[in-house]
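Student: Predicted coordinates and the sequence they were generated for:
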Amino acid sequence: MEPEGIVELKFKDSTQESVLLRNDVKGPHTADQLLAMRQVALHFTDLHDNPAALFNASRIRKIVPWKDARRFFYFRLKRLLLQNETRLRAGIDDTSYFSALMQRKCVTNNVDWSDDKGFINLLEKNPDLIKEITEEALIDKSAKQIQEFFSNRDKSSILLESIKRASSNFTQEQKAEIINAIQFIRNPEQMKESISNPESIED
């Protein structure tokens, strides 16, 4: 709301009269005194709603000069549209989770998360990124479901029995992958060393 509107609502004539009286300005008050009081109120209100004040109060991230406004909002709008399109194509409903996921991707690719143009370039120049995001989201979702199962003793036994039954249809390669995953859980440091130095694996 503009300062004039705020003053009209919050600093009515009766309030101005009481302020003048508190400051030992005896009545009846003249039109000039009331006008001066209104100007002070407008200036005071405007101090709380200008860009510098909003920036200092962490209400806005930065101040955009007028000459750069069109360019800034062009990239800002394009980034938000592209970001939302990517989230929908990846099948992710949780916007907070998607933002956290994209921030990790930005860190991995040395892109500043707050740089709209850099973010746009990251998505447009990496067509496989949506596939990566979709797979990572599925992994996170599956990991959460497994954690929920194991946090409940009854459910954990159901999950283990389900794995046993399903394993009868696994190929040898799939069984080997599961065994490797279990070995990683038991000793992640040793498995990392084995991956980096295959010769260290004992026969």
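Tutor: Looks like it came in fine.
Student: Tell me how this structure divides into domains.
Tutor: Following automatic domain parsing, one finds the domains of the chain at 3-56, 67-136, 153-200.
Student: how about CSV for those, with mean neighbour count and mean pLDDT added?
Tutor: From N, CA and C alone the C-beta is placed, and that goes for glycine too. Compiled in CSV, these are given as follows (neighbours: other Cβ atoms under 10 Å; pLDDT from 0 to 100):
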stretch, mean neighbour count, mean pLDDT
domain 3-56, 13, 78
domain 67-136, 14, 90
domain 153-200, 11, 71
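Student: so can I have CSV of these showing distance to Gln147?
Tutor: Formatted as CSV, the domains of the chain follow (distance: least, Cβ to Cβ, whole Å):
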stretch, distance to Gln147
domain 3-56, 41
domain 67-136, 15
domain 153-200, 10
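Student: now for those domains, which one comes closest to Ile146?
Tutor: domain 153-200 (7.1 Å; Cβ to Cβ).
Student: Check what contacts stretch 121-140 and list those residues.
Tutor: 82-83, 86, 89-92, 97-98, 101-102, 105-106, 109, 111 (Cβ atoms under 8 Å, 6 or more residues apart in numbering).
Student: Name the SS class of the residue with the largest distance to the centre of the chain, please.
Tutor: What lies farthest from the middle of the chain is Pro28; by Cα atoms, centre = their mean that is 56.1 Å. Secondary structure, DSSP: H, G, I helix; E, B strand; the rest coil: Pro28 is coil.
Student: In which helix or strand does the spatially most central residue of the chain reside?
Tutor: Closest to where the C-alpha atoms of the chain average out (Cα atoms, centre = their mean) is Ser99, at 4.4 Å. Applying DSSP states H and E as the criterion places Ser99 in helix 95-108.
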